[in-house]
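Q: Provided below for reference: sequence and predicted model.
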Amino acid sequence: QVQLVESGGGLVQPGGSLRLSCAVSGFSVSSYVMRWYRQPPGKGRELVAQITNYAGSTSYPVSVKGRFTISRDGTKNTVYLQMNSLKPEDTAVYYCNAIRFSTDYWGQGTQVTVSS
């Protein structure tokens, strides 16, 4: 059974850091393109980080580049999103996503709130 379970969200002050985890079961994180998306309140879903399958190349939009880092641990079958220098505009529900050809899996999301 395929499951993606996010954790690590919470309330953090501006300038702080959080590390999100996406624990995967049912497939290897190294064989899928893994992505983190976020959805701020009242807005659409935005891609914030991607790591490709096998080679593990990473990419980010300008809005988070230099602050967010995606990584994976094959032994734990988990994908991470390290978020530094957080801003109030990073407040959103963060979702883990896995894609391979026409197969598309999503986690349930974890709330990140950046506020003083």
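A: Yes, it's here.
Q: all strands of the chain, in order?
A: 3-7, 10-12, 18-25, 33-39, 46-51, 58-59, 68-73, 78-83, 92-100, 103-106, 110-114 (DSSP state E).
Q: from the centroid of this structure, which residue is nearest?
A: Central residue check for the chain by CA atoms, centre = their mean: the C-alpha nearest the mean position is that of Trp36, 3.0 Å away.
Q: tell me the contacts of that residue?
A: 20, 22, 47-50, 68, 70, 79, 81, 94-97 (CB atoms under 8 Å, 6 or more residues apart in numbering). Where you see a C-beta, it was placed from the backbone N, CA and C, and this is true even at glycine.
Q: beta partners of it?
A: Here Trp36 shows beta-bridge partners Ala49, Cys96, assigned using DSSP bridges.
Q: could you check how far it is from Val79?
A: Separation of Trp36 from Val79 (CB to CB, to the nearest Å): 8 Å.
Q: what is in contact with these two at once?
A: Listed as contacting both Trp36 and Val79 by CB under 8 Å, 6+ apart are Cys22, Ile70, Cys96.
Q: pLDDT weak spots in this structure?
A: For the chain, applying pLDDT under 70 flags no range at all.
Q: residues in contact with Arg72?
A: Arg72 neighbours (CB under 8 Å, 6+ apart): Val29, Ser30, Met34, Ile51, Gly56, Thr78, Val79, Tyr80.
Q: that older thread, need the contacts of Trp36 in CSV with neighbour count and distance to Ser115, can you?
A: Output for those, formatted as CSV (neighbours: other CB atoms under 10 Å; distance: CB to CB, whole Å):
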residue, neighbour count, distance to Ser115
Leu20, 25, 17
Cys22, 27, 24
Leu47, 14, 24
Val48, 23, 19
Ala49, 26, 22
Gln50, 18, 27
Phe68, 22, 18
Ile70, 22, 24
Val79, 28, 26
Leu81, 27, 19
Tyr94, 24, 16
Tyr95, 21, 20
Cys96, 28, 23
Asn97, 20, 26
